[in-house]
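S.K.: sequence? don't have it. structure:
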Ligand SMILES: Nc1ncnc2c1ncn2[C@@H]1O[C@H](COP(=O)(O)OP(=O)(O)OP(=O)(O)O)[C@@H](O)[C@H]1O
Ligand SMILES: [Mg+2]
């Protein structure tokens, strides 16, 4: 039965993951943040408008904020699942034994990555009913919802790969954790900062046109938050095109950059997992 | 079966293994002895494809650890000196995971696991969590794990460390069973007498160099070099002493007065010894007994390995 695609590390990791209290509490944390957020939002808006009902406009607004919040949560949780993938085995002294088995390095790394990704997907799916509560009020198209979930997935895999890479090349989980959160701060925060910086330069007209507008576009297109905004409301994407003059949709650039991140991180992890013998797969 | 050629491992400027050469036949139990930091674990890690040598190579069943590590991994079962287990995994799941990691089919694993547990006497712990087992049980479980893909070669780094005397005996019995199954076994230890009992061949490593290799008796002779001979004398103790003092192969001569014995270090061969005896008889020395003082293996080991600290 599917022996050829059977990945022992993946199966074992999933088994352990669903047995641990940490995963359960992580899931609980995630769902409660989302619920509190929705409840708070509903309460506030109905109080303020005093109408006791909920307009599609409001619902859309809530959808937008919720999408960003969910993205932030995913970015926050992913490293805690992947940044210890290999280094924690090293610390527990189980890695040596694992590496003497006949599993290929690729199999081990992919097994580690996918077990974490699977858990995050489960988390997203578990949040879906809450999410669709907003959906129920209207204002969002199903295709939008699907594309948003696909990009969550791409982002999770990319951040997960970065985490697995750092956990392979560093000795200690704590160092790997810091490096991975550092990468997230770069992708989510520093890029936004640079975006506003280049935009400001651009608008002051002090920088030479083409290159600065390209950088403005680039910083926006690799920022997960900015991507989500363009997916939620296409008009934001149009505004960016107008601003920078680059017609390529943000999601295309985002996809290319993040796939490159995934390929790079996984290649490094696979190469560095075992000592540098002449043949490594 | 195992062929180590000019194996060298450097950590920065420190040479942990220095041009090690070693060749082992199939089916033997090889004991690797050396003091702390001698390079035993380093050698075994290289054989287990966990460490790449700085230069040189090692072949296991004709496969090179440098160029064909995947092939080598199929041939070896490795037990590290220190190892951990996953928490929240039961004994049979633990073995099942490693079985799967070696590409063994699920149906086969189901048959194999009870057999292995039987072999290492853990049948009654099958559904216990691995992290709750005692040290000795973990050790045996790790051995069972190393056997799951039926490797030809077992590389066991101090399998008996931290075990109580009973567990050591049990471990030795298990190893005897494995030898009778035709496996080639490499064991490391600090304790030479412990290995001497169960090994066919012994290699002594010190400061990254192999300083002796052979069967237990050869090693003892090779390492001992000089033997200490005790002569029991009936009378004229000092005259006898003067007689022996003249022999060039004798040194460190002592009189044990109260027991009328003379003891000395002798570096001649057995033939020399015969000649010496004959000469003593002809000179009419009142000797009524002559014996070789047994140096135990521990002393031998202590005298040849100065330890890594005093280089
Ligand atoms: N990663 C490393 N970096 C630097 N030096 C190392 C490293 N690993 C081992 N060494 C050094 O190499 C030498 C050999 O170590 P090794 O672990 O092989 O000794 P050993 O014979 O197994 O000793 P023990 O009986 O204590 O287990 C030691 O001096 C050790 O300090
Ligand atoms: Mg050691």
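M.R.: Thanks, I have it. Computed from a prediction, not measured in an experiment: that's the story for all the values here. Ligands and ions are numbered 1, 2, ... in the order given.

S.K.: could you point out which element follows the helix or strand harbouring residue A:147?
M.R.: For residue A:147, the enclosing helix or strand under DSSP states H and E is helix A:142-169. Going down the chain from helix A:142-169, the next helix or strand is helix A:173-185, by DSSP H and E.

S.K.: list the buried ones in that next one?
M.R.: A:173, A:176, A:177, A:179, A:180, A:181, A:183, A:184 (16 or more other C-beta atoms under 10 Å in any protein chain shown). All C-beta atoms are positioned from the backbone trio N, CA, C, and that covers glycine.

S.K.: Let me know the closest of those to residue B:146.
M.R.: residue A:173 (26.7 Å; C-beta to C-beta).

S.K.: surely that closest one meets residue A:87?
M.R.: Yes - in this structure, residue A:173 is within contact of residue A:87 by C-beta atoms under 8 Å, at 4.4 Å.

S.K.: hey, what's in contact with both of these two?
M.R.: Listed contacts common to residue A:173 and residue A:87 are residue A:167; contacts here mean C-beta atoms under 8 Å, 6 or more residues apart in numbering or on different chains.

S.K.: and the one residue in the stretch 1-150 of chain B that gets nearest to ligand 2, how many neighbours?
M.R.: Closest contact between the stretch 1-150 of chain B and ligand 2, by C-beta to the ion, is at residue B:41 (3.1 Å). Look at residue B:41: counted by other C-beta atoms under 10 Å in any protein chain shown, it has 20 neighbours.

S.K.: so what's it scoring on pLDDT?
M.R.: Per-residue pLDDT puts residue B:41 at 93.

S.K.: Give me the helices and strands touching the host helix or strand of it, please.
M.R.: Using DSSP H and E, residue B:41 falls within helix B:40-47. On a contact count with 3 or more C-beta pairs under 8 Å, 6 or more residues apart in numbering or on different chains; DSSP states H and E, helix B:40-47 meets strand B:2-11, strand B:14-24, strand B:29-33, strand B:55-60, strand B:76-79, strand B:153-157, strand B:184-189.

S.K.: mind giving me CSV with those strands and columns for distance to chain A and mean neighbour count?
M.R.: Shown next, in CSV, are the helices and strands packed on helix B:40-47 (distance: least, C-beta to the nearest C-beta, whole Å; neighbours: other C-beta atoms under 10 Å in any protein chain shown):
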stretch, distance to chain A, mean neighbour count
strand B:2-11, 11, 18
strand B:14-24, 14, 17
strand B:29-33, 18, 25
strand B:55-60, 10, 19
strand B:76-79, 5, 25
strand B:153-157, 9, 24
strand B:184-189, 14, 24
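
S.K.: Quick check: which of those strands is nearest to residue A:114?
M.R.: strand B:76-79 (26.7 Å).

S.K.: now the residue of chain A found nearest ligand 1: how far from residue A:265?
M.R.: Chain A approaches ligand 1 most closely through residue A:171 (10.6 Å), counting by C-beta to the nearest ligand atom. For residue A:171, the distance to residue A:265 (C-beta to C-beta, to the nearest Å) stands at 18 Å.

S.K.: Stretch B:231-239 - what's its average pLDDT?
M.R.: 84.

S.K.: Check stretch A:37-51 too.
M.R.: Computed over stretch A:37-51, the average pLDDT equals 73.

S.K.: My guess is the residue of the stretch 1-150 of chain B closest to ligand 2 contacts residue B:81. True?
M.R.: Yes - contact criterion C-beta under 8 Å: residue B:41 and residue B:81 qualify, at 5.6 Å.

S.K.: joint contacts of these two?
M.R.: Common neighbours of residue B:41 and residue B:81 (criterion: C-beta under 8 Å, 6+ apart): B:157, B:188.

S.K.: For chain B, give me its nearest residue in the stretch 151-281 of chain A.
M.R.: Sorted by distance to chain B under C-beta to the nearest C-beta, the residues of the stretch 151-281 of chain A start with residue A:275, at 4.2 Å.

S.K.: Quick check: which ranges of the stretch 151-281 of chain A have low pLDDT?
M.R.: A:202-212, A:277-281 (pLDDT under 70).

S.K.: change it to 90
M.R.: For the stretch 151-281 of chain A, residues meeting the criterion pLDDT under 90 lie at A:152, A:171, A:188-253, A:275-281.

S.K.: Name the SS class of the closest residue to ligand 2 within it, please.
M.R.: Nearest residue of the stretch 151-281 of chain A to ligand 2, counting by C-beta to the ion: residue A:275, 17.7 Å away. The three-state label given to residue A:275 by DSSP: H, G, I helix; E, B strand; the rest coil is coil.

S.K.: Near ligand 1, which residues of the stretch 151-300 of chain B are found?
M.R.: residue B:190 (C-beta under 6 Å from any ligand atom).

S.K.: Show me where the stretch 151-300 of chain B has its helices.
M.R.: Assigned by DSSP state H, counting those that start in this stretch, the stretch 151-300 of chain B shows helices spanning B:165-180, B:192-198, B:216-224, B:237-245, B:270-282, B:297-304.

S.K.: and the first one with strand B:29-33, angle?
M.R.: Angular relation of helix B:165-180 and strand B:29-33 on a 0 to 180 degree scale: 130 degrees, by axes from the mean of the first three to the mean of the last three C-alpha atoms, to 10 degrees.

S.K.: The fourth one now?
M.R.: What separates the directions of helix B:237-245 and strand B:29-33 is an angle of 110 degrees, with the same axes, to 10 degrees.

S.K.: if I read this right, residue B:227 contacts residue B:264, doesn't it?
M.R.: No - the criterion here is C-beta under 8 Å, and residue B:227 misses it with residue B:264 at 9.8 Å.

S.K.: Settle it for me: which of those two has more neighbours?
M.R.: Between residue B:227 and residue B:264, counting by other C-beta under 10 Å, residue B:264 is the more crowded of the two (21 against 16).

S.K.: still on that earlier bit, so residue A:171 and residue A:265 - more neighbours on which side?
M.R.: Applying other C-beta under 10 Å to residue A:171 and residue A:265 shows that residue A:265 carries more neighbours, namely 24 against 11.

S.K.: The more buried one: what secondary structure?
M.R.: Once three-state DSSP is applied, residue A:265 turns out helix.

S.K.: can you pull the contacts of it?
M.R.: A:158, A:161, A:162, A:164, A:165.

S.K.: and the closest residue to ligand 1 within the stretch 151-300 of chain B, how many neighbours does it have?
M.R.: Closest approach between the stretch 151-300 of chain B and ligand 1, counting by C-beta to the nearest ligand atom: residue B:190, at 5.5 Å. By other C-beta under 10 Å, the residues close to residue B:190 number 16.

S.K.: same thing with the one 3 residues further on?
M.R.: Residue B:193 is flanked by 14 other residues according to other C-beta under 10 Å.

S.K.: residue ranges with poor pLDDT in chain B?
M.R.: In chain B, residues with pLDDT under 90: B:1, B:12, B:33-38, B:87-88, B:120-121, B:135-136, B:159-177, B:189-200, B:202, B:204-311.

S.K.: Apply 80 and report the result again.
M.R.: For chain B, applying pLDDT under 80 flags the ranges B:162, B:191-197, B:216-228, B:248-249, B:251-252, B:256-259, B:267-270, B:292-311.

S.K.: Make sure the residue of the stretch 151-300 of chain B closest to ligand 1 is actually in contact with residue B:35.
M.R.: Yes - counting by C-beta under 8 Å, residue B:190 does reach residue B:35; the two are 6.3 Å apart.

S.K.: Enumerate the residues of chain B near ligand 2.
M.R.: Counting by C-beta under 5 Å from the ion, the residues of chain B close to ligand 2 are B:41, B:81.

S.K.: How is chain B divided into domains?
M.R.: B:2-222, B:225-299 (automatic domain parsing).

S.K.: Adding distance to residue A:119 as columns, could you present these in TSV?
M.R.: Formatted as TSV, the domains of chain B follow (distance: least, C-beta to C-beta, whole Å):
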stretch	distance to residue A:119
domain B:2-222	15
domain B:225-299	54
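
S.K.: Highest mean neighbour count out of the ones you listed?
M.R.: domain B:2-222 (a mean of 19; mean count of other C-beta atoms under 10 Å in any protein chain shown).
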